[in-house]
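Novice: next input, structure requested:
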Amino acid sequence: MPSPIRRSLRASLLEGAFAELVGACAAGGTLTAWALYLELSPFLIGVLGALPFAAQLVHLPAAFCTRRFGSRRTALWMVAISRQAVLPLVALPFVSLAPAARQAIFLACAFLTSTLGVVGNNAWTAWMGELVPGAVRGRYFGRRTSVCAMAATCSALAAGLLLDVGRSRGKGGLALAALSLAASLAGAITTALLRRQHEPRSASPAELPTLEEALTPVRDPRARPLLAFQLAWSAASGLSIAFYPLHMIGHLQMGFAAVALYNAGIAAARTIASPLWGTVLDRSGARRVLVLCAIGQGLSPFLWLFATPERLWPLAIDAMLCGTAMAGLSLATFSLPIELSRPPERSFYVAAVAAAAGLGTSIASAGGGALVKVLPSSTLLGGLPLVAAHLLFLCGAVGRLSAVLLALRVAGRPAPVPAAVEAFAPLAA
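Specialist: I've put the predicted structure just below:
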């Protein structure tokens, strides 16, 4: 009979795979397809791109919920509800409503999915921080990220093919409704798998937190550089984040299947790189991984300047570079709040880092939606023909590389490896 920890960690691997299916059917390229189907304006597209990141501000009250009701209980309820918030979209293509009303329903569902998902994620991170032994945390989450990336690849390709088939046959609304139903069903499976994961004995008791605990991350001199990096990095990334998929579909004339193939390339790179970065993280600490991956991802937007409808190979290189860098960056930013905090304040460290990311991305994303209207529609740079989206990508690249200077100031500590914990190393290998 497997121990509760082993059983929980294995269930978490499977839950992560089904969570990626939810994401493929309800986020990413599917959201872009909904935006095009409902004919959202550029401003609303910017708002839609900002929603998942603006919702990160909910991490602050979410941390209070996590402490008040317990991490496992909060995660179970909030994740379950957030992944059923897409159900109204199943009927949206088939009801007779004014365009503005349909757009409002879609944005409301996206808002609920994002905000409730953030509350659940805050609790889930605190829960996993106590459940996964610290000495193998990097290797375990590296393996989990690899499994998730593989599931994301298959799910994104299937969703992209369905969207392309639906659009070519004039059944785009039916394809979108089917994906929303699939997201709901997969979400129900993730809830069942989360219930199989136990509450660790070391879990902090459910109690009302104090103001002093809530302010700990801001007062901690080790955490402040991480917050500054996250704010700057997210602002640089958020400026153009909503326009990458639109640029692929509009300017580069790629179909949804081609977009899904690009995302599959990113996922494939993450599948390969995540376990490697996890090993580096356990041995050298999260700071080194953070700096290296921030540099790599900062160079990514420059490749987009060379892509044209007839020359898409730069995006293949970008997918490999971006996927490799994203794998390490996500592991580092996940691990650092756990490394720097004690269990009672952990949810607040997670909340502070996520809120900094959400604040920077949401403001910059909404600003990018307004800025793209005033940028020149076409220009030349060193003989390269550029459009407005290219200029946003360049601004983001400069901002990301500038944020690397802040990453150099981030503190971190490698966790020691107790002999008893090595018994769980096979799960993380």
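Novice: relative to Ala357, how far out is Thr216?
Specialist: Relative to Ala357, Thr216 is positioned 18 Å away (CB to CB, to the nearest Å). Placement of C-beta: from N, CA and C, glycine included.
Novice: who has more neighbours, the two?
Specialist: Legend: neighbour count by other CB atoms under 10 Å for Thr216 and Ala357, higher for Ala357 (24 against 21).
Novice: angles on the backbone of the more buried one, please.
Specialist: Per-residue torsions, Ala357: phi -60, psi -40 (degrees, to the nearest 10).
Novice: quick one: it from Gln230, how far?
Specialist: Computed as CB to CB, the Ala357 to Gln230 distance reads 5 Å.
Novice: what is in contact with these two at once?
Specialist: Thr333 (CB atoms under 8 Å, 6 or more residues apart in numbering).
Novice: which residue sits closest to Leu336 in space, ignoring its chain neighbours?
Specialist: Using CB to CB, 6 or more residues apart in numbering and skipping the chain neighbours, the partner closest in space to Leu336 is Ala286 (4.8 Å).
Novice: typo on my end, Ala316
Specialist: Excluding the flanking residues, the one nearest Ala316 by CB to CB, 6+ apart is Gly265, at 6.4 Å.
Novice: shouldn't that neighbour be in contact with Leu321?
Specialist: No. Counting by CB atoms under 8 Å, Leu321 is not a contact partner of Gly265; they are 10.2 Å apart.
Novice: where along the stretch 151-300 of the chain do the helices fall?
Specialist: Taking DSSP state H, counting those that start in this stretch, the helices of the stretch 151-300 of the chain run over residues 172-195, 211-214, 216-219, 224-238, 243-249, 256-284, 286-303.
Novice: got any ranges where the protein has weak pLDDT?
Specialist: Scanning the chain for pLDDT under 70 picks out 1-2, 53, 201-210, 412-429.
Novice: what about the residue nearest to Ala316, how many neighbours?
Specialist: Gly265, neighbours per other CB under 10 Å, totals 19.
Novice: just to revisit the earlier point, wait, isn't the residue nearest to Leu336 in contact with Leu340?
Specialist: No. Contact criterion CB under 8 Å: Ala286 and Leu340 do not qualify, at 9.4 Å.
Novice: these two: who's more crowded?
Specialist: Legend: neighbour count by other CB under 10 Å for Ala286 and Leu340, higher for Ala286 (30 against 22).
Novice: for that one, what are its contacts?
Specialist: With CB under 8 Å, 6+ apart, Ala286 has these contacts: Gly138, Leu331, Ala332, Ser335, Leu336, Glu339, Gly412.
Novice: could you check how far it is from Val90?
Specialist: Applying CB to CB, the value for Ala286 to Val90 is 41 Å.
Novice: surely Phe111 touches Ala55?
Specialist: Yes. Here Phe111 reaches Ala55: they are 7.4 Å apart, a contact under CB under 8 Å.
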